[in-house]
Structure formats: C-alpha cells, structure tokens
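A.B. asks: Prediction below, plus the sequence it came from.
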Amino acid sequence: MIDSKELENILVHFYQTITFNNSLETDIISIDGRVSCGSGRNETNYNEKISLLNALNACSNNYEICLASERISDKSNEIPTVPIILSRLKIKDTIVTWDALNTQKKNIEAVKEKKGDYVVPVKKNHSNFNVDLELYFDEKTQ
C-alpha cells in the first residue's frame, strides 16, 4: 500500500535532516552502479529468463549509508539513471562523485543547480575539455 520509493525518500530525508545538519564535516556522496552476480536466472520450462539485477546507488561516505538506489533498465546503462538519483538527493554543501561514464553536462548542471559540488573524472575522449584542463593545471604555462 505504501510506495517503496516514497518511503525511501522520506526515510533518507529524515536521516539527512537529523544527521547531516549537525555535522561540521562535508559529506561525499559517491554514485556508482553495481551488478548483483547470481541474481539472474536462465529460462527453463517452468520459468522465464530473469536478467541480473543492475542498480545505481548513491552512498554517503561519511555516514556509510545508501541514500538512494535505482534499478538500471536492462536495455540501458547508468547514464539516464543518474539524473533520477540526483533529483531525489539533498546535495547542498556536499561533494558528489561518480565514474567517467557519468561525467555528462546534464549531471554536472544538476549538481550545480542543487548547490552541491562535484569531483568527476574526465576521459581523453572529451578531447577539447581534456586539453583545456591540462593547460589550466600545467604549472609550466602559468
């Protein structure tokens, strides 16, 4: 009778309100996907095929708790799931991290819009941005 996502949001919001507001240390929220090996099933005469459980999780490093979890569609990857997770999180005055796959303009804008900070990797396949970063941080050119 209770929507599980709504219950999760209420409990996480409550936990963040009573815990995070009393902390002087900046929290780091790490977003990463996880595939649960052994959660899938092959098709049999009695059962349909069940794909492996693939979920995206947002975890608080300081408080060692999963703040949000969202299933990743079988026909997709983490990229469209990150904005869903970010929309549910209170990330003001926290640092959000994720892997290079999720370093997308839309995700960075979502973090900035919610007054959070981010530390994300940049792959060399973002050639223009990568060159700009190398020039910015190169001590020889400054």
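C.D. replies: Arrived safely.

A.B. asks: any idea how far the residue nearest to the spatial centre of the chain is from Trp98?
C.D. replies: Geometric centre of the chain, nearest residue: Ile31, 2.7 Å, by C-alpha atoms, centre = their mean. Distance, Ile31 to Trp98, by C-beta to C-beta, to the nearest Å: 4 Å. Quick note: C-beta positions are derived from backbone N, CA and C, even for glycine.

A.B. asks: so what sits against both of the two?
C.D. replies: Common neighbours of Ile31 and Trp98, using C-beta atoms under 8 Å, 6 or more residues apart in numbering, are Val82.

A.B. asks: buried residues in stretch 111-131?
C.D. replies: For stretch 111-131, the neighbour count (16 or more other C-beta atoms under 10 Å) marks Val111, Gly116, Tyr118, Val120 as buried.

A.B. asks: For that stretch, C-alpha coordinates in CSV please.
C.D. replies: The C-alpha trace of stretch 111-131 is given here as CSV (Å, rounded to 0.1, in the frame of the first residue of the first chain):
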residue,chain,number,x,y,z
VAL,A,111,24.6,19.1,-9.1
LYS,A,112,25.3,22.9,-9.5
GLU,A,113,21.6,23.6,-9.6
LYS,A,114,21.1,21.9,-6.2
LYS,A,115,24.1,23.9,-4.7
GLY,A,116,26.4,20.9,-4.5
ASP,A,117,30.0,20.4,-5.5
TYR,A,118,31.4,17.7,-7.7
VAL,A,119,34.7,15.8,-8.3
VAL,A,120,34.5,13.8,-11.5
PRO,A,121,37.0,12.2,-13.9
VAL,A,122,37.4,13.3,-17.5
LYS,A,123,38.4,10.8,-20.1
LYS,A,124,40.6,11.7,-23.1
ASN,A,125,37.7,11.1,-25.4
HIS,A,126,36.5,14.5,-24.4
SER,A,127,39.4,15.9,-26.3
ASN,A,128,38.7,19.7,-26.2
PHE,A,129,37.8,19.6,-22.5
ASN,A,130,40.7,17.4,-21.6
VAL,A,131,43.2,19.8,-23.4
